[in-house]
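>>> take this sequence and fold it.
(2 chains)
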There are 2 protein chains.
Amino acid sequence: MQMREMGEFNFIKSVADDTIYDMSTVICGIGDDCAVYKAKKGYHQLVSTDMMVEGIHFSSKTTAPFDIGYRLGTANISDIAAMGGVPRQVVIAVAAPPDGNSQRLQEIYEGLKSICKIHHVNIIGGDTVRTDGPLTVSLTIIGEVPEETELYRSGAQVGDVVGITNTIGDSAVGLEALLDNARGYLHCKRVHQRPEPQVYLGNVLRSLGAHAMNDISDGLGSELNEIAHASGVAIEIDETAMRFHPEVIQWAKKKEISPWSFALYGGEDFQLVFTIPENIVNEVSALEGIQLIGHVVSGAPGVCLRTAQGEKKIIPAQGYNHFSK
Amino acid sequence: MQMREMGEFNFIKSVADDTIYDMSTVICGIGDDCAVYKAKKGYHQLVSTDMMVEGIHFSSKTTAPFDIGYRLGTANISDIAAMGGVPRQVVIAVAAPPDGNSQRLQEIYEGLKSICKIHHVNIIGGDTVRTDGPLTVSLTIIGEVPEETELYRSGAQVGDVVGITNTIGDSAVGLEALLDNARGYLHCKRVHQRPEPQVYLGNVLRSLGAHAMNDISDGLGSELNEIAHASGVAIEIDETAMRFHPEVIQWAKKKEISPWSFALYGGEDFQLVFTIPENIVNEVSALEGIQLIGHVVSGAPGVCLRTAQGEKKIIPAQGYNHFSK
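This next block holds a predicted model:
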């Protein structure tokens, strides 16, 4: 059925069910001028917003509708994880073409619900409007973190050890494998289609006393440069310390490029990059899903890669600029 | 300069200044994975989101860029006012065409800043992305209200008196006057271009003990029906009790239609409609900018207009459906 036939109110009715996964914080969900919720005493509130546009951030070729919703949820939840916080509530705004398929939009909601359910994040409100352009979805997330413990990118200190969660470059390889119609690469394809936000590890790292944290949405190169510049420190990454997923190594070999290209400039892994003081290195490295890959040193803010041969290569920021080609 | 030339990061830098108007609640504004803010102890949190699309919700013919931002701010602040709350923080997401004029987008921000400044609402975060479609802006607002005092549309009780703030239909007349290039009608044009959210009166009405409240974004007919159906009551409006703005009367006369058409189906006035118990009628009617226009009675949920001749005309819901023509 087209959105035009279904109408705004019937559509909202069809997606408003099963949206509350943690009753304890919600007073009133979808249906009034505002949603009403409780903030936890002794906690700071966190908020972040992300917008995704069809044809720019996702395409029907590589991403099923369910996965669009899932990815949107992950991108937002990951921003809360990157502060060491717990995600609580989201509101979603959708601009949809009137001749668009209402079932497709419902599947996007199903994907969002699926990732929200896993993390007990309530969908408490939204807005659904018409557009003559591409499908555009915007999600705003609210989370919490114990007062004064939130982790900023500006907290890195000289002497810190730099680490990441799990492996990176996986999503970029997954995207290429999907676009090439390559067989296999199931792990990387799955990471690209349904990346998992690292809420648990973000909270553990915060409570152990990490100094700085970012989520890796734009590639490690960009995220490390953000930490370095915000903290006024230099960061050295050790080429030999990084462990890549076997599929990333395999794909990189096939394409005759370094797996580092995917890690540094790939983005959308939604893993965390962090710095920790020396005195918690043992505890942190004992955690599952942690790699320690470098150090914070004094010097002009910037990032370099120390190769196996002892060479130092500068890693530029090279973030994703939404308005360049 | 085109957005493409300016780039995402330079654009964000150019609008991130002067965005905090109440330092006391903000720990960290624009610039990290999340913004960080404090929630007030003993208060419930309110959240609402609104999306506006160029060509659907605004056109360059009737709305200057500054006014687009102003209206977007008002629409969101008004949702908080409608719960009896105080607006605190907003985050904005923008999808802009790469060949769009960056100065125009900056002017939209200026309009948003202007209305936010008046109400001490901080702009603490955002997302700026590219689109191949029309300019699309999405705003999410967070506000607060003393615990258990928020006003729902479901709170109306039989015996209540129904009121509105100020006058309505003004925005619809303003739009028509602008489209017709009519001279004069300065009040109505101004209401259409820069409507003012009724935060002050919303809070006074809440603290005096109002029972139910909505803001009038879709026309009085739709809003009253929402209250009637959510509360399970009937509402009777008294035709002779309503006072219209002189410009609305003048325009209606010129167009040979009833000023009630503008009030009931016009929308975008962002005034409040509310119900109050009999025992506070004197206090409420002593306030400046209040009209009492009807009663809550028992009966099947619905709304009717009692004419000067004693006739009863049913007022249909007829809200704005974003996907119909």
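
>>> how many residues are close by A:Asp99?
A:Asp99 is surrounded by 10 other residues when neighbours are defined as other Cβ atoms under 10 Å in any protein chain shown. C-betas here are computed from N, CA, C, even on glycine.

>>> and the residue of the stretch 1-150 of chain A that's closest to chain B?
Ranked by Cβ to the nearest Cβ, the top residue of the stretch 1-150 of chain A for proximity to chain B is A:Gly133, at 1.6 Å.

>>> would you confirm that that residue contacts B:Thr131?
Yes. Applying Cβ atoms under 8 Å as the test, A:Gly133 and B:Thr131 come out as touching, 6.2 Å apart.

>>> those two - which one has more neighbours?
Taking neighbours as other Cβ under 10 Å, A:Gly133 and B:Thr131 compare with B:Thr131 leading, 25 against 22.

>>> out of everything not next to it in sequence, what's closest to the more buried one?
B:Ala95 (3.8 Å; Cβ to Cβ, 6 or more residues apart in numbering or on different chains).

>>> and stretch A:162-179, which residues are buried?
A:162-178 (16 or more other Cβ atoms under 10 Å in any protein chain shown).

>>> hang on, isn't A:Asp218 packed against A:Gly267?
Yes. Counting by Cβ under 8 Å, A:Gly267 is a contact partner of A:Asp218 at 4.8 Å.

>>> give the rounded mean pLDDT of the helix or strand harbouring A:Asn10.
Take DSSP states H and E as the rule and A:Asn10 turns out to sit in helix A:8-15. The pLDDT scores in helix A:8-15 average 82.

>>> repeat for stretch A:31-48
Mean predicted lDDT for stretch A:31-48 stands at 95.

>>> how about stretch A:288-306?
97.

>>> can it be said to contact chain B?
No. Stretch A:288-306 stays clear of chain B (Cβ under 8 Å from any Cβ of the partner chain), getting no nearer than 15.4 Å.

>>> for stretch A:38-58, same thing?
Yes. Stretch A:38-58 reaches chain B (Cβ under 8 Å from any Cβ) through A:38-39, A:41, A:43-53, A:55-57.

>>> for that stretch, measure first residue to last.
34 Å (Cα to Cα, to the nearest Å).

>>> same question for stretch A:210-227.
13 Å.

>>> flag the shaky bits of chain A, pLDDT-wise.
Within chain A, the stretches with pLDDT under 70 are A:319-325.

>>> all strands of it, in order?
A:26-28, A:35-37, A:43-53, A:86-96, A:122-130, A:136-146, A:161-165, A:212-215, A:234-238, A:272-276, A:290-297, A:302-306, A:312-314 (DSSP state E).

>>> reformat the ones you listed as TSV; add distance to B:Ala230.
Shown next, in TSV, are those (distance: least, Cβ to Cβ, whole Å):
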stretch	distance to B:Ala230
strand A:26-28	11
strand A:35-37	14
strand A:43-53	28
strand A:86-96	20
strand A:122-130	16
strand A:136-146	25
strand A:161-165	45
strand A:212-215	40
strand A:234-238	55
strand A:272-276	43
strand A:290-297	50
strand A:302-306	55
strand A:312-314	61
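
>>> so which of the ones you listed gets nearest A:Met1?
Closest of the strands of chain A to A:Met1 is strand A:86-96, at 12.5 Å (criterion: Cβ to Cβ).

>>> partners of the closest one in the sheet?
With DSSP bridges as the test, strand A:86-96 is paired with strand A:122-130 (parallel), strand A:136-146 (antiparallel).

>>> just put those strands in a markdown table and tack on distance to A:Ala308 and mean neighbour count.
Output for the strands paired with strand A:86-96, formatted as a markdown table (distance: least, Cβ to Cβ, whole Å; neighbours: other Cβ atoms under 10 Å in any protein chain shown):
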| stretch | distance to A:Ala308 | mean neighbour count |
| --- | --- | --- |
| strand A:122-130 | 48 | 24 |
| strand A:136-146 | 39 | 27 |
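
>>> quick one: A:Met3 from A:Lys255, how far?
40 Å (Cβ to Cβ, to the nearest Å).

>>> who's more crowded, these two?
Comparing A:Met3 with A:Lys255 by other Cβ under 10 Å, the one with more neighbours is A:Met3, at 24 against 14.

>>> wait, isn't the more buried one in contact with A:Ala95?
No. Using Cβ under 8 Å, A:Met3 is not in contact with A:Ala95, being 10.6 Å away.

>>> list the residues that contact A:Val86.
Each residue near A:Val86 by Cβ atoms under 8 Å, 6 or more residues apart in numbering or on different chains is listed here: A:Ile80, A:Gly143, A:Glu144, A:Val145, A:Val199, A:Asn203.

>>> ugh, wrong one, A:Ser138
The contact partners of A:Ser138, by Cβ under 8 Å, 6+ apart, come to A:Thr49, A:Asp50, A:Met51, A:Met52, A:Ile92, A:Ala93, A:Val94, B:Thr49, B:Met51, B:Ala93, B:Asp127, B:Ser138.

>>> ok, it to B:Glu236 distance?
40 Å.

>>> what does A:Val173 give?
For A:Val173 relative to B:Glu236 (Cβ to Cβ), the value is 66 Å.

>>> check A:Cys304 too.
Relative to B:Glu236, and taking Cβ to Cβ, A:Cys304 is found at 75 Å.

>>> same thing with A:Gly100?
41 Å.

>>> what pairs with A:Val47 across the strands?
A:Ile142, B:Ala35.

>>> ok, how many other residues are close to it?
Around A:Val47 there are 24 residues (other Cβ under 10 Å).

>>> show me the contacts for it.
A:140-143, B:34-35, B:37, B:89, B:91, B:124-125, B:140, B:142.

>>> which one of these sits closest to A:Cys188?
Using Cβ to Cβ, these come closest to A:Cys188 at A:Ile141, 26.1 Å.

>>> domain ranges for chain A?
Following automatic domain parsing, chain A resolves into domains at A:3-146, A:153-314.

>>> residues of stretch A:253-263 that come out buried?
For stretch A:253-263, by 16+ other Cβ under 10 Å, it's A:Pro259, A:Trp260, A:Phe262, A:Ala263.

>>> mind putting these in TSV, distance to chain B included?
Output for the buried residues of stretch A:253-263, formatted as TSV (distance: Cβ to the nearest Cβ, whole Å):
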residue	distance to chain B
A:Pro259	26
A:Trp260	24
A:Phe262	22
A:Ala263	19
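
>>> filter the residues you listed down to the ones in helices?
A:Pro259, A:Trp260, A:Phe262, A:Ala263 (DSSP state H).

>>> run through who's touching stretch A:104-117.
Contacts of stretch A:104-117 (Cβ under 8 Å, 6+ apart): A:3, A:11, A:14-15, A:18-19, A:21, A:64-74, A:77, A:90, A:92, A:94, A:96, A:121-123, A:135, A:137, A:139, A:194, A:197.

>>> meant to ask about stretch A:304-311
A:Ala234, A:Ile235, A:Glu236, A:Ile237, A:Asp238, A:Glu239, A:Thr240, A:Trp260, A:Lys312, A:Lys313, A:Ile314, A:Ile315.
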